[in-house]
Every structure is written in C-alpha cells, then in structure tokens.
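Visitor: just to be clear, the model below is a prediction. Sequence and coordinates:
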Amino acid sequence: MILRIAEIFGPTIQGEGALIGQPTVFIRTGGCDYRCSWCDSLHAVDSRYRHDWAVMDAQQIMAEVARLSGDQPLMVSISGGNPAIQDFSGVIALGRAQGYRFACETQGSVARDWFADLALLVLSPKPPSSGQETDWSAFDACLAAAKDAPRIMKIVIFDDHDLAWAREASTRYPDLALYLQPGNPETDPDLPVDPQSLADRMLWLVDATVGAGWLTPRILPQLHVLIWGNRRGV
Ligand SMILES: C[S@@+](CC[C@H](N)C(=O)[O-])C[C@H]1O[C@@H](n2cnc3c(N)ncnc32)[C@H](O)[C@@H]1O
Ligand SMILES: Nc1nc2[nH]cc(C(=O)O)c2c(=O)[nH]1
Ligand code: SF4
Ligand SMILES: [Mg+2]
C-alpha cells in the first residue's frame, strides 16, 4: 500500500490533547477532504504542495520512524491532512509488531477499520469559525469503527460561537472526554507567534468555559506552539 506523506518528524513532544507532553514521532499525511479557514498545516492539505509529499510504503515509513526514534518503540502520532483518507492498516500492523503504539488525529469525516488498532483516536470536529460543516453520521461511524480503542474529542475554539457549538456537540457525546484548545490565528510558519496573545486567548477560553459554569472539558494550549511557534517539524 502506497501512502502520501508530507513529513515524518521527531521525536518531539505531543503538544495537544490527552497525550500532551508525551514523547512521540509524527507521521503527517498529505491530503485532506476539508479546507479549514485557519488550518495550521496547509503544507499537508493544499494540493499546491503535493509535489513535496513523499510516496512511501509501510516498510519505508516504519524504517524512518525507527531511524528517528533510534529503534526505541514509542508513541507514533499520525496526523495530516486527514490520515483517514488513506489506509494505515499496514503501517500500524508493522509498527505494533515492533512495539510502537499509534495515536491518530482526524476530523471524523471518514471512518476506517484501523481506528480499532489505535492507542488513541483523537476526533476533532470543526466549529463554525473553520467554515466546515460536520456530518455527524460520519462522525458516529468513526466512533463505531474505533470499537474499544480509547478516544477523545478535541475542539478548537476561536470565539463564543465556537464555544456554544462545542457545548452542543458535547451534549451529543456525554461519555466522550472533551478537550478544548484555543485557536491560533497566526499560521504562517515564517511569522512569529505572539506568546502574550496566545496566553490571552487561553485566559479568555478558561473564563468563558469555567467562568460560565461549564466544568467538564479539559482546556489546554498548544504546548508546541508556545515552545516553538509555528515552526514545522516539531
Ligand atoms: C492540522 S490538524 C490534522 C488532523 C485532522 N485533519 C484534524 O483536523 O483533526 C491537527 C489538529 O490541529 C488543529 N488545528 C489546526 N489549525 C489550528 C489552529 N490554527 N489553531 C489551533 N488548532 C489548530 C486541528 O483542529 C486538529 O485538532
Ligand atoms: N508537537 C506537536 N504536537 C502536535 N499535536 C498535534 C499536532 C498536529 O499538527 O496534528 C502537533 C504537531 O505538529 N506538533
Ligand atoms: S481538517 Fe485538519 S488538516 Fe484538514 S484543513 Fe482542517 S485543520 Fe487542516
Ligand atoms: Mg499542528
């Protein structure tokens, strides 16, 4: 099985969600069925960049992961683009046989059988500010495909409208652990991020959530952005 890969990098730390701080290698796939207005990974989405994407099979991908990790099995995070538009069953089977574990980040628009083999499925449905529409039946199919695999929902919040939407989404899935992360409006890898404005957005999100009496979600910043800004490959 041939896969389109935008980049493989690490080990770094997982900067978002339930595994925050955990050493991981990232496999970032090329291609996405969405076009979020604020996507921070356009180099893995826009077909303008497709000539920079590698075409690799499972052996080549795991060889690169092993080279980066010095053959130490660790958590491998598959992100993108949308990894679910490609077939990662071969990579996951090969990696698991070598002791690696896999997490996957996807918006929940395409379900895959291999979700059931993940150590964590991160479903990140897109709020109104993204300009994308969520198909909840596709999202439900993703949850069903994951079977007993651990899963969380992680929603990016830019404004009050997004927050209200996230609260509504959480009522659909009361048993799904919810993580909120403030949106980063600056996604150009060549421009610096302003740490104070990221802190301000985090402060606003905590106030608007906890302060309004909504106490179930966990609220986390993008730790890698605080450390490295929008640099790629970290
Ligand atoms: C680049 S996406 C790739 C995986 C998948 N397509 C998805 O969106 O879940 C990885 C994560 O980054 C988040 N993200 C993308 N752009 C962001 C931004 N400008 N600020 C905060 N989070 C962002 C997405 O919502 C998703 O949770
Ligand atoms: N360190 C680090 N953590 C991340 N968590 C989610 C990422 C992503 O782009 O999917 C990401 C990323 O690109 N880098
Ligand atoms: S779904 Fe993910 S990768 Fe695709 S455009 Fe949106 S944030 Fe970017
Ligand atoms: Mg990212």
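Guide: Thanks, I have it. Numbering: from 1, shown residues only. Ligands and ions are numbered 1, 2, ... in the order given.
Visitor: residue nearest the middle of this structure, spatially speaking?
Guide: Glu105 (3.4 Å; CA atoms, centre = their mean).
Visitor: check which helix or strand covers that residue.
Guide: For Glu105, the element it lies in under DSSP states H and E is strand 101-106.
Visitor: what's that strand packed up against?
Guide: On a contact count with 3 or more CB pairs under 8 Å, 6 or more residues apart in numbering; DSSP states H and E, strand 101-106 meets strand 75-79, helix 89-97, strand 120-123. (C-beta placed from N, C-alpha, C; glycine too.)
Visitor: what does this protein have sitting close to ligand 2?
Guide: Within the chain, the positions adjacent to ligand 2 are Thr12, Ile13, Gln14, Gly15, Glu16, Phe26, Ser41, Ser79, Glu105, His224, Val234 by CB under 6 Å from any ligand atom.
Visitor: show me the two of those residues that sit farthest apart.
Guide: The largest distance within those, taken as CB to CB, falls between Ile13 and Ser41 and amounts to 17.3 Å.
Visitor: more neighbours: which of these two?
Guide: Between Ile13 and Ser41, counted using other CB atoms under 10 Å, the more crowded position is Ser41 (20 against 15).
Visitor: can you list contacts of the helix or strand containing Leu198?
Guide: Assigned by DSSP H and E, Leu198 belongs to helix 195-209. Here helix 195-209 makes contact (CB atoms under 8 Å, 6 or more residues apart in numbering) with 157, 160, 163, 180, 182-184, 217, 219, 221-222, 225-226.
Visitor: show me those that map onto strands.
Guide: Residues of the contacts of helix 195-209 located in strands (DSSP state E): Ile157, Leu180, Pro182, Ile219.
Visitor: tell me how many other residues surround the third one.
Guide: If you count neighbours by other CB under 10 Å, Pro182 ends up with 24.
Visitor: coming back round to it: Serialize the ones in strands among the contacts of helix 195-209 to CSV and add fields for pLDDT.
Guide: Listed next are the ones in strands among the contacts of helix 195-209 as CSV, based on pLDDT from 0 to 100:
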residue, pLDDT
Ile157, 99
Leu180, 99
Pro182, 98
Ile219, 98
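Visitor: which among those residues end up buried?
Guide: By neighbour count, with 16 or more other CB atoms under 10 Å, those hold Ile157, Leu180, Pro182, Ile219 as buried.
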